[in-house]
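Trainee: how would this look folded up:
(one chain, ligands or ions: 1)
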Amino acid sequence: MNLKIGCLQMDVTYGNPEENRESIQRKINYLHKELNNVDILVLPELWDTGYDLSRLSQIGDWEGRTAQSFLSKLARQNDFSLIGGSIAKTNEQSSTNTMYAYNRNGVKIVEYSKAHLFQLMDEHHYLNSGDQKGSFEIEGVPSTGMICYDLRFPEWIRTHTSEGAEILFVVAQWPLARIDHWRSLLISRAIENQCYVIACNRVGEDPKTEFGGHSMVINPWGGVISEAGTEETFLTATIDVDEVKRIRKQIPIFQDRRPEIY
Ligand SMILES: NC(=O)CCC(=O)C(=O)O
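Mentor: You can find the predicted model right below:
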């Protein structure tokens with residue numbers, strides 16, 4: 001089965017969720033022809049607030065309600081499934097860096113909060129980590145969603161692929177300074193898990209960091225099918241999901257692994 005994927009590699013306005021929602025809507029309107037036959041659209045990490053974490057009590061999304069209604073409508077109106085990047089979900093006590101995904105009818109198919117907080121960008125001071133898995137089915141394909149720094153934890157990703165995930169979606173605000181890590185880790189996760197990796201990063205800069213783009217679509221053999229540069233880009237690729245089963249049969253790592261000795 002073929003699926004057409006689109007990644008909206010975009011800049012994010014620091015600390016301004018309303019402007020960022022409008023920016024996504026403007027881009028979707030502009031891209032309506034290209035989006036016509038897209039099956040799954042992917043947004044980047046924290047596309048609403050960016051890393052303006054010290055102001056989350058003012059700008060965070062109360063229980064994620066605004067983003068959920070925005071994303072659900074976006075999916076329904078445009079007839080695509082949507083990996084809604086992640087947003088800052090906030091309540092009286094705390095905030096989480098949370099991904100929502102939707103099917104074409106605008107029905108939520110997963111809520112996943114980033115499990116590993118990235119100290120270098122102060123997440124541990126302002127966010128709580130999630131402790132639930134990120135598994136879901138999208139367009140009939142078992143999949144998982146991960147948020148940026150989660151990519152550095154192969155054991156967490158293996159937990160999901162050993163339970164059947166065939167597509168790994170990674171949403172990110174990954175800095176340009178470590179973009180070689182980003183590329184290598186994404187390709188490694190695809191090879192070692194024999195899965196598609198669809199990775200959507202942001203571009204632009206905030207007061208502390210320059211972000212590196214290079215959103216990528218990688219096949220389960222580790223081949224890069226499509227890759228963006230460092231500018232705002234609508235990256236597309238068509239993937240053949242059956243390739244996962246073929247490769248898992250050719251080199252059966254999920255049968256051959258020996259968890260009892262690890
Ligand atoms: N937003 C993030 O989690 C960034 C992770 C990162 O930069 C890394 O090197 O890991």
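Trainee: The stretch 151-262 of the chain against the ligand: which residues are in contact?
Mentor: Taking Cβ under 6 Å from any ligand atom, the part of the stretch 151-262 of the chain that reaches the ligand is made up of 152, 173-175, 178, 181. Backbone N, C-alpha and C define where each C-beta goes, glycine included.
Trainee: Mind checking which of the residues you listed land in helices?
Mentor: Among those, the ones falling in helices (DSSP state H) are His181.
Trainee: out of the residues of the stretch 151-262 of the chain next to the ligand, who has the most neighbours?
Mentor: Of all these, the highest neighbour tally under other Cβ atoms under 10 Å goes to Trp174, namely 29 neighbours.
Trainee: Where do the helices of the stretch 151-262 of the chain begin and end?
Mentor: Shown for the stretch 151-262 of the chain, the helices assigned by DSSP state H, counting those that start in this stretch span residues 154-161, 179-193, 242-250, 253-256.
Trainee: gap between the two ends of stretch 34-49?
Mentor: With Cα to Cα, to the nearest Å as the measure, the ends of stretch 34-49 fall 27 Å from one another.
Trainee: again with stretch 4-18
Mentor: Here the two ends of stretch 4-18 are set 29 Å apart, with distance taken as Cα to Cα.
Trainee: can you check stretch 196-214 too?
Mentor: Start and end residues of stretch 196-214 are separated by 16 Å (Cα to Cα).
Trainee: For Asn2, find the nearest of the helices of the stretch 151-262 of the chain.
Mentor: helix 242-250 (8.9 Å; Cβ to Cβ).
Trainee: now that closest one, how far from the centre of its chain.
Mentor: Using Cα atoms, centre = their mean, to the nearest Å, we find the averaged C-alpha position of helix 242-250 to lie 23 Å away from the chain's own average C-alpha position.
Trainee: tilt between it and helix 179-193?
Mentor: 60 degrees (axes from the mean of the first three to the mean of the last three Cα atoms, to 10 degrees).
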